[in-house]
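**Student:** give me coordinates for this.
(2 chains)
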There are 2 protein chains.
Amino acid sequence: MEFDESARRRRSVRKYRREDVPLSLVSELIDLARNAPSSLDRQPWTFIVVREAGTKQRLAEIKNRFCPPEKRAFPADFLAGAPVLIVVCVDGEEAGDRAVENGILAAAHLLLGAVGRGLGGVYLSAYHRDEPALAEAIRRLLAIPDHVLPVTIIPLGYPDEAERPKSLRPLEEMIRYEKF
Amino acid sequence: MEFDESARRRRSVRKYRREDVPLSLVSELIDLARNAPSSLDRQPWTFIVVREAGTKQRLAEIKNRFCPPEKRAFPADFLAGAPVLIVVCVDGEEAGDRAVENGILAAAHLLLGAVGRGLGGVYLSAYHRDEPALAEAIRRLLAIPDHVLPVTIIPLGYPDEAERPKSLRPLEEMIRYEKF
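**Tutor:** Numbering: from 1, shown residues only, chains lettered A, B, ... in the order given. The predicted model follows:
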């Protein structure tokens, strides 16, 4: 699929058919993700592919435990029903203070690559700046070393919902010239 | 261009031909960027398009002033020679504590959309977690209000360099199953 179409058709999808996502597709997406920009081109990523029901359930519980009040309308229970989760981790010794940047840029490739393959996903944070216990709980569950930051959890599956129209803020409101 | 090809051919480009980048292309890229995921779909972005020589020069100076030691090999002087800079800003009152995430995801769309249009750019941070003076200097220069965070500066231009091969870390080293 053309990049422009992938960007326009991407939606945040939280409901998936039971159909499995072939590991070959997961690999293809991670292959695209490792092409993302990274600090000094260090490519400091580890992608943990989670398919075990118990682990998905535990990740849902951890996300719910640290859910901020304004996001209670979006509980993470659906993670348990996603065919596959990709936890994007970044080595802090490689990425320096840009671990978050490096992780998010790779996640953008995962989400965009998914669209043309008929898959849907959603961006979920795996850390919180002011609440280190979130990343710490994920580290313990997935045996992630201390110097590695879990940045995002990207669930993927075949959407079990119709493609919703997206209402966009007007472009002219978003663009400024020379100054804010 | 297909998304997969855009992802694989994207490079960090810091040297541009003098040729101008039409504003219509800049608009197209920002149109794609506003389709990125954002917290609660608030679309909290403002994209400041900078083409004035003096402003580009000042941004280069600010970036150099706050350059960390390990990145001294990549001075920001080239910003002054880029035909256009897009400063991606995020309204912190809309994005809550996920301003950084929202800004980076939009920047990924800008960088990927540029590839199929023959343009090149590079990801540059406009804030530093431990050095608020960086964002503050950019805020003053571009009249950005306090509640808005400049997240990234994306210079764009037609590459004045051959497409370099990219050496990627082996995929099997980056993928783990179920645990780190």
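**Student:** any idea of the pLDDT on A:Pro69?
**Tutor:** On pLDDT, A:Pro69 comes in at 89.
**Student:** that one: neighbour count?
**Tutor:** Using other CB atoms under 10 Å in any protein chain shown, A:Pro69 is surrounded by 5 other residues. (Glycine included, C-beta is placed from N, CA and C.)
**Student:** any idea how far chain B is from it?
**Tutor:** As judged by CB to the nearest CB, to the nearest Å, A:Pro69 and chain B stand 10 Å apart.
**Student:** the helix or strand containing A:Gly113: what's the following helix or strand?
**Tutor:** Element membership for A:Gly113, per DSSP states H and E: helix A:99-116. Where DSSP H and E defines the elements, the next helix or strand beyond helix A:99-116 is strand A:120-121.
**Student:** what is that next one packed up against?
**Tutor:** helix A:99-116, strand A:148-157 (3 or more CB pairs under 8 Å, 6 or more residues apart in numbering or on different chains; DSSP states H and E).
**Student:** assign the closest residue to A:Leu171 other than its chain neighbours to helix, strand or coil.
**Tutor:** Residue nearest to A:Leu171 in three dimensions, not counting chain neighbours: B:Asp31, with 5.7 Å by CB to CB, 6 or more residues apart in numbering or on different chains. For B:Asp31, the secondary structure call by DSSP: H, G, I helix; E, B strand; the rest coil comes out as helix.
**Student:** any idea how far B:Asp31 is from B:Ala99?
**Tutor:** 21 Å (CB to CB, to the nearest Å).
**Student:** who has more neighbours out of those two?
**Tutor:** Between B:Asp31 and B:Ala99, B:Ala99 has the larger neighbour count (other CB under 10 Å), namely 25 against 18.
**Student:** residues contacting whichever residue of chain A sits closest to chain B?
**Tutor:** Closest residue of chain A to chain B, CB to the nearest CB: A:Ala108 (3.5 Å). For A:Ala108, the contact set (CB atoms under 8 Å, 6 or more residues apart in numbering or on different chains) comprises A:Ala36, B:Ala36, B:Ile104, B:Leu105, B:Ala108, B:His109, B:Leu112.
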